[in-house]
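In: this one's sequence-less:
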Ligand SMILES: O=P(O)(O)OC[C@H]1O[C@](O)(COP(=O)(O)O)[C@@H](O)[C@@H]1O
Ligand SMILES: [Mg+2]
Ligand SMILES: [Mg+2]
């Protein structure tokens with residue numbers, strides 16, 4: 001039987017040369033993320049049967065109760081990338097500070113740092129709703145063979161060399177970009193191989209879905225309230241459909257396929273919104289732009305924001321280009 005789908009491994013090798021810094025190092029890094037994703041997927045799929053659901057008992061630096069699967073996924077991704085000696089530094093939602101990996105060893109020639117949200121959508125773990133992993137990759141800016149510093153992590157999103165996510169849903173998919181479009185790979189669990197199932201993914205420029213936690217409506221700025229009302233009005237192709245899974249990865253993935261907008265605005269509850277710039281908004285914004293979509297904080301392009309802290313938050317508006325522009329218009333005119 002001739003195989004119709006290319007494997008992720010074949011795709012990585014075939015496209016290695018189209019990557020301007022191509023030395024095989026980034027390919028090995030994506031491969032190690034692929035491996036860790038399979039290990040985490042195995043646990044996610046049997047969450048409920050094994051002691052992997054519920055709180056782990058600790059809080060992360062953001063004051064959130066860490067779920068057991070947050071901790072497990074964090075360990076697996078860090079372990080895999082460290083064991084394969086493929087990065088010089090890692091920052092994670094579940095780690096207070098960045099981790100330097102052998103970077104002070106002058107023989108250590110690794111150039112990349114990775115920022116990761118090991119388990120996205122933690123509130124959905126125990127209720128069997130899809131969750132994800134998000135990753136963002138940069139070339140270090142400090143000299144090779146010297147210890148990585150915070151500078152290597154606080155780079156604006158427009159300096160990312162690769163970004164992606166894994167969605168653990170009805171099927172498990174790995175979706176990523178190296179700045180040359182966005183491609184999606186589906187895991188065939190029977191043989192543990194990812195196959196190219198969604199080549200050249202693109203946001204439709206317009207959509208009919210809006211994704212926001214309307215439970216926070218009264219706390220939203222007037223511009224956001226006006227935009228939500230606009231989405232709900234009987235006019236033209238509206239009202240749009242409201243869909244909110246509560247896992248950024250899953251809401252983004254659906255909206256990229258069907259057309260839609262995801263909002264996590266600032267509010268009187270969270271002056272800067274909830275989502276983290278470095279390992280949630282920057283990677284999703286890079287993917288969105290590579291898929292002909294758009295991402296901003298309501299005013300400024302996410303990828304041009306200069307980060308100042310590892311776990312800083314920003315308001316997030318992301319999705320189909322025309323929908324994001326309409327939302328920005330409401331914010332400007334409020
Ligand atoms: O429950 P809320 O306030 O609507 O927040 C949901 C959002 O928070 C997140 O769960 C934050 O991510 P983590 O689960 O990685 O902390 C997003 O995935 C999701 O979009
Ligand atoms: Mg998250
Ligand atoms: Mg998380």
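Out: Thanks, I have the structure now. Just so it is clear, the model here is predicted, and its values are computed rather than measured. Numbering: from 1, shown residues only. Ligands and ions are numbered 1, 2, ... in the order given.
In: Buried residues in the helix or strand that contains residue 31, which are they?
Out: Element membership for residue 31, per DSSP states H and E: helix 25-45. By 16 or more other CB atoms under 10 Å, the buried positions in helix 25-45 come out as 25-41, 43-44. Every C-beta, even on glycine, is put in place using the N, C-alpha and C of the backbone.
In: Now do the same contact list for the residue nearest to residue 92 when sequence neighbours are not counted.
Out: Nearest non-adjacent residue to residue 92, counting by CB to CB, 6 or more residues apart in numbering: residue 116, 4.9 Å away. Listed by CB atoms under 8 Å, 6 or more residues apart in numbering, the contact partners of residue 116 are 74, 77, 90, 91, 92, 93, 133, 134, 135, 136, 279.
In: Next: residue 144.
Out: Neighbouring residues of residue 144 by CB under 8 Å, 6+ apart: 88, 108, 109, 110, 111.
In: do that again at 6 Å, thanks
Out: The contact partners of residue 144, by CB atoms under 6 Å, 6 or more residues apart in numbering, come to residue 109.
In: tell me the pLDDT at residue 67?
Out: Note on residue 67: pLDDT of 86.
In: what's the helix or strand for the residue nearest to residue 92?
Out: strand 112-120.
In: downstream neighbour of that strand in the secondary structure list?
Out: Assignment by DSSP H and E places the next element after strand 112-120 at strand 131-139.
In: Not counting the following helix or strand past that following strand itself, show me its contacts.
Out: Using DSSP H and E, the next helix or strand after strand 131-139 towards the C-terminus is strand 162-168. The contact list for strand 162-168 (CB under 6 Å, 6+ apart) reads 37, 41, 44, 131-137, 173-176, 178, 249-250, 253, 283, 286-287.
In: Need the per-residue pLDDT for residue 18.
Out: 69.
In: same question but for residue 44, I mixed them up
Out: So, for residue 44, pLDDT stands at 89.
In: Without its sequence neighbours, what residue ends up closest to it?
Out: residue 168 is the one closest to residue 44 (CB to CB, 6+ apart), at 4.4 Å.
In: got it, and residue 199?
Out: Excluding the flanking residues, the one nearest residue 199 by CB to CB, 6+ apart is residue 183, at 5.5 Å.
In: Relative to the one helix or strand that neighbour maps to, what are the paired strands and their orientations?
Out: Assigning secondary structure by DSSP H and E places residue 183 in strand 182-188. Using DSSP bridges, the strands paired with strand 182-188 are strand 172-177 (antiparallel), strand 193-198 (antiparallel).
In: Out of the ones you listed, which is the most enclosed?
Out: Neighbour counts (mean count of other CB atoms under 10 Å) averaged over each of those peak at strand 172-177, with a mean of 22.
In: So for it, mean pLDDT?
Out: Mean pLDDT, strand 172-177: 97.
In: Name the surrounding residues that touch that strand.
Out: Under the criterion CB under 6 Å, 6+ apart, residues 37, 41, 164-167, 184-187, 194, 287, 290 lie in contact with strand 172-177.
In: can you give me the offset of that strand from its chain's centre?
Out: Relative to its parent chain, strand 172-177 has a centroid offset of 10 Å by CA atoms, centre = their mean, to the nearest Å.
In: Same question for stretch 117-128.
Out: On CA atoms, centre = their mean, the centre of stretch 117-128 falls 13 Å from the chain's centre.
In: Please point out which parts of that stretch sit buried.
Out: Residues 117, 118, 119, 120, 121, 122, 124, 125, 126 are the ones in stretch 117-128 that count as buried (16+ other CB under 10 Å).
In: sorry, back to before: let me know which of the strands paired with strand 182-188 is the nearest to ligand 3.
Out: Of all these, it is strand 172-177 that lies closest to ligand 3, at 16.9 Å by CB to the ion.
In: and the closest residue to residue 257 other than its chain neighbours, what element?
Out: Leaving aside its sequence neighbours, residue 257 sits nearest to residue 201 (CB to CB, 6+ apart; 7.4 Å). Assigned by DSSP H and E, residue 201 falls within no helix or strand.
In: how near is residue 274 to ligand 1?
Out: Counting by CB to the nearest ligand atom, to the nearest Å, the gap from residue 274 to ligand 1 is 6 Å.
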